[in-house]
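In: model this:
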Amino acid sequence: MTRVQRIGILTGGGDVPGLNPVIKSVVYKATEMNAEVIGVRRGWEGLSHMRPGAMPDEEYIRPLDRINTRGIDRTGGTVLHTSRTNPKKVKEAKLPAHITPERLKPLACGEGVYDLTPIVLENIASLGLDCLIVIGGDDTLSFAQVLESEGVPLVGIPKTMDNDVPGTEYCIGFSTAITRAKDLITRQRTTIGSHERIGVFRIFGRDSGFTALYTAYVTSIRCVLPEVEFDLERLLQILVEDKRNNPSRYALVIASEGAVWKGQAVGEYGEADAYGHRKKVDIGHALGEEIKRRTGEDTIVSDLTYDLRSGEPDALDQIVAITFANVAMDLIREGVHGRLVAVQDGKYTHAPLPDPAQGPRKLDVPRLYNIERFRPKYSEKLGMPLLLSAVHT
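Out: From the prediction side, this is the model:
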């Protein structure tokens, strides 16, 4: 068995409820293994921008122990903070000020863009890290693949409200997002019903519709997903029918941010982030305007996105976060690395780190979604995992 003396941990990408329970559980398990934990702040930025030789770099490096992590599992967000830094593509304006022009010259990989992977490797060595735990979604884990190929021992833990990391049925943050969305929609029924309107709820999911589908599942309303270009006229017909048949004279639909109707392109705007993503044009407002224009029905459009990632985790996310952390530490103790802690077939396991070329995990549309009725399928669930979405390997 491999004895690990120093473990690094970081959180990258968007925050979700459940990150702090992972951090705390890693620290507590590490003390049982006679290991220490070094928290890296602001995701990959911490390892690309820290000042070597000035240890500890208080801006980016934070030693963690049982005292300073004792109560963090009761709150949302991440005490290590986060960023969307991609060390392979750092723009000149965002370079660390302390790196000399001579050191930067061989790192240029395009016009005004630099690959700081060698800097990250140097900083990992200077910190004396025996292993690294990376908590993130597809983008954060894609750079973990780069480090693994460079010989850095690491373990990935999947987190994203979109629940779309390949290789696992569950990502930290997903259950809380569904719980929050259900509560918000249930509360807004009173306003939408009082005004007898059609309610449109925009929700996270630029490439995959898990969050929209499962929210629709627990609220019994319609949804449209990125996996399927939807028939706009058919949807409007059904929404008007729903409103007419409802004694309270209202109807509801959930739209994933990446959903699009047939013949419409998904517009994007703003500058691309370090992983090449631009913001999607708001499908909620676009759909609300089409409903009004084509049917004459008044709408209420609500953006449920950032509300779903705020605050403390629900019970399921807390359970999964704590368990993922302990599975990761078990792997490290056994000298296993280059793996992603995962849930498959409803069981805790580990899988290969996601291949960035594979892209986000997608819904099994024929099995889970009724395209004609714009709603989840509720039948034929015998033998399926608890969260009804098996991983195909």
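In: burial of the closest residue to residue 112 other than its chain neighbours, as a residue count?
Out: Distance criterion Cβ to Cβ, 6 or more residues apart in numbering; nearest residue to residue 112, sequence neighbours excluded, is residue 92 at 4.4 Å. For glycine as for every other residue, the C-beta is placed from the backbone atoms N, C-alpha and C. Using other Cβ atoms under 10 Å, residue 92 has 11 other residues around it.
In: low-confidence stretches in the stretch 51-200 of the chain?
Out: Within the stretch 51-200 of the chain, the ranges that satisfy pLDDT under 70 run 53-56.
In: what about the helices in it?
Out: For the stretch 51-200 of the chain, applying DSSP state H, counting those that start in this stretch gives helices covering 101-104, 117-127, 138-149, 174-194.
In: among those helices, which is the most enclosed?
Out: Across the helices of the stretch 51-200 of the chain, averaging neighbours per residue (mean count of other Cβ atoms under 10 Å) puts helix 138-149 on top, at a mean of 22.
In: for residue 3, give me the pLDDT.
Out: Here, the pLDDT recorded for residue 3 equals 52.
In: same check on residue 382?
Out: 89.
In: list the contacts for it?
Out: Residues near residue 382 by Cβ atoms under 8 Å, 6 or more residues apart in numbering: none.
In: surely residue 215 meets residue 185?
Out: Yes - counting by Cβ atoms under 8 Å, residue 185 is a contact partner of residue 215 at 7.2 Å.
In: which neighbours do those two share?
Out: Common neighbours of residue 215 and residue 185 (criterion: Cβ under 8 Å, 6+ apart): 201, 254.
In: list the contacts for residue 192?
Out: Residue 192 neighbours (Cβ under 8 Å, 6+ apart): 198, 199, 250, 252, 300.
In: quick one: which of those residues is most hemmed in?
Out: In terms of neighbour count, residue 252 stands highest of these at 26 neighbours, by other Cβ under 10 Å.
In: assign it to helix, strand or coil.
Out: strand (DSSP: H, G, I helix; E, B strand; the rest coil).
In: what is the helix or strand where residue 211 lies packed up against?
Out: Using DSSP states H and E, residue 211 sits in helix 210-219. For helix 210-219, the packing partners by 3 or more Cβ pairs under 8 Å, 6 or more residues apart in numbering; DSSP states H and E come out as helix 174-194, strand 198-203, strand 222-224, strand 251-256, strand 375-376.
In: kindly export the longest one (C-alpha atoms) in CSV.
Out: Okay, so that is helix 174-194. Below are the C-alpha coordinates for helix 174-194, written out as CSV (Å, rounded to 0.1, in the frame of the first residue of the first chain):
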residue,chain,number,x,y,z
PHE,A,174,-27.5,17.7,-9.1
SER,A,175,-29.9,16.7,-6.4
THR,A,176,-29.8,20.1,-4.7
ALA,A,177,-30.5,21.8,-8.1
ILE,A,178,-33.6,19.6,-8.6
THR,A,179,-34.8,20.2,-5.1
ARG,A,180,-34.4,24.0,-5.4
ALA,A,181,-36.0,24.1,-8.8
LYS,A,182,-39.0,22.1,-7.5
ASP,A,183,-39.5,24.5,-4.6
LEU,A,184,-39.2,27.6,-6.8
ILE,A,185,-41.6,26.3,-9.4
THR,A,186,-44.1,25.2,-6.7
ARG,A,187,-44.0,28.7,-5.2
GLN,A,188,-44.4,30.5,-8.5
ARG,A,189,-47.5,28.5,-9.4
THR,A,190,-49.5,30.8,-7.2
THR,A,191,-48.4,33.9,-9.1
ILE,A,192,-48.7,32.3,-12.6
GLY,A,193,-52.1,30.9,-11.7
SER,A,194,-53.3,34.1,-10.2
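In: how far off centre is that helix?
Out: On the basis of Cα atoms, centre = their mean, to the nearest Å, helix 174-194 sits 20 Å off its chain's mean C-alpha point.
In: any stretches of the stretch 201-350 of the chain with poor pLDDT?
Out: In the predicted model, the stretch 201-350 of the chain carries pLDDT under 70 at residues 265-280.
In: how about the helices in it?
Out: Here the stretch 201-350 of the chain has its helices, by DSSP H, counting those that start in this stretch, at 210-219, 232-245, 283-295, 315-333.
In: could these go into a markdown table alongside distance to residue 350 and mean neighbour count?
Out: Putting these into a markdown table (distance: least, Cβ to Cβ, whole Å; neighbours: other Cβ atoms under 10 Å) gives the following:
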| stretch | distance to residue 350 | mean neighbour count |
| --- | --- | --- |
| helix 210-219 | 21 | 25 |
| helix 232-245 | 40 | 16 |
| helix 283-295 | 35 | 19 |
| helix 315-333 | 6 | 21 |
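In: rewinding a little: I'd say the residue nearest to residue 112 and residue 113 touch.
Out: Yes - Residue 92 lies in contact with residue 113 (Cβ under 8 Å); the separation is 7.4 Å.
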